[in-house]
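In: Next input, structure requested:
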Amino acid sequence: MIARQQDSLQSKIEEQKRDRHALKRSEYALRLLSGKLLGAQEQERKRIAAELHDGLGQSLSAIKFNLESSVNELMPCASQCGGLEMVQQSITKVRDAVEEVRRISMDLRPSILDDLGILATIEWFCREYQKFYPHIALNKQVAIAENDIPEPLKVVIYRIMQEAFNNIAKHASADRVNLAFAKEAQHITLSISDDGRGFDMKQHGNGSGQYRGLGLHSMRERAELSGGVFHIDTHPGEGTQIRAQWPSGRTRIDE
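Out: This is a model prediction of the structure:
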């Protein structure tokens, strides 16, 4: 009887081991698929952004130029040309449309990221953020060289920063934001904190590091799929800090 019980116990142990191995394989396959989906999403964003800028944006710019030229030609007979004011109104609308196309294109994938790198992109993003939200004081500290950042990691860093800053503008009611991006010993660290109202993590987590809402899951997923770790520190009324960290050198998405 004891021998049969031992055999049964051993069989259950082996079965649990097989289940754990199968679960690990499934988790790995899911992470691999998630990484490929994020990569495909970025490529599609890049393609659409380029088409908006090079296609629709340039067409609208050409229309604006033609309208402005027409106005210049009509100016001598402005008093007899009743349609001049309508043309000028059209120019204003086309100009607004050009700016909107530019904004959408930059939100999808800023060309500066591919042309000049992540450090120039951070500078540009912070300037634009201050224009839209002048009531939020922004303190930026960058202590890393462009060459220290693996190429595939640059878009990950930008997306996490973009999501974090959008959350602050929409939900935090913050007066101040601090951004720190540095190479520390053997790690690359991105930290973004605010003095806003914070939130209760119990409402946005399940206790196992999984987050819901506010783009938290997306930020965590991007960080971990690229070989990093992601942490949030927040409490109601005490602001929020997000921190993403990667080993310097090769990242998982290089592979």
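
In: where along the chain do the helices fall?
Out: Along the chain, counting by DSSP state H, helices occupy 2-51, 58-74, 84-108, 111-115, 118-132, 151-167, 216-225.

In: what's near enough to touch the residue most central in space within the chain?
Out: Closest residue to the average C-alpha location of the chain: residue 159 at 1.8 Å, with CA atoms, centre = their mean. Taking CB atoms under 8 Å, 6 or more residues apart in numbering, we find residue 159 in contact with 218, 219, 222. In short, each C-beta sits where N, CA and C put it, glycine included.

In: measure the nearest residue to residue 231 once chain neighbours are set aside to residue 197 for me?
Out: Nearest residue to residue 231, sequence neighbours excluded (CB to CB, 6 or more residues apart in numbering): residue 243, at 4.8 Å. Applying CB to CB, to the nearest Å, one obtains 19 Å for the distance of residue 243 from residue 197.

In: just residue 94 next, same as before
Out: When residue 94 is compared with residue 197 (using CB to CB), they lie 41 Å apart.

In: who's more crowded, the two?
Out: residue 94 (19 against 16; other CB atoms under 10 Å).

In: my guess is the more buried one contacts residue 65, does it?
Out: No - Residue 94 lies out of contact with residue 65 (CB atoms under 8 Å); the separation is 9.5 Å.

In: as a whole number, average confidence for stretch 222-238?
Out: Mean pLDDT, stretch 222-238: 91.

In: And for stretch 241-250, what's in contact with it?
Out: So stretch 241-250 is contacted by 148, 150, 153, 157, 160, 164, 183, 186-194, 219, 223, 226-234 (CB under 8 Å, 6+ apart).
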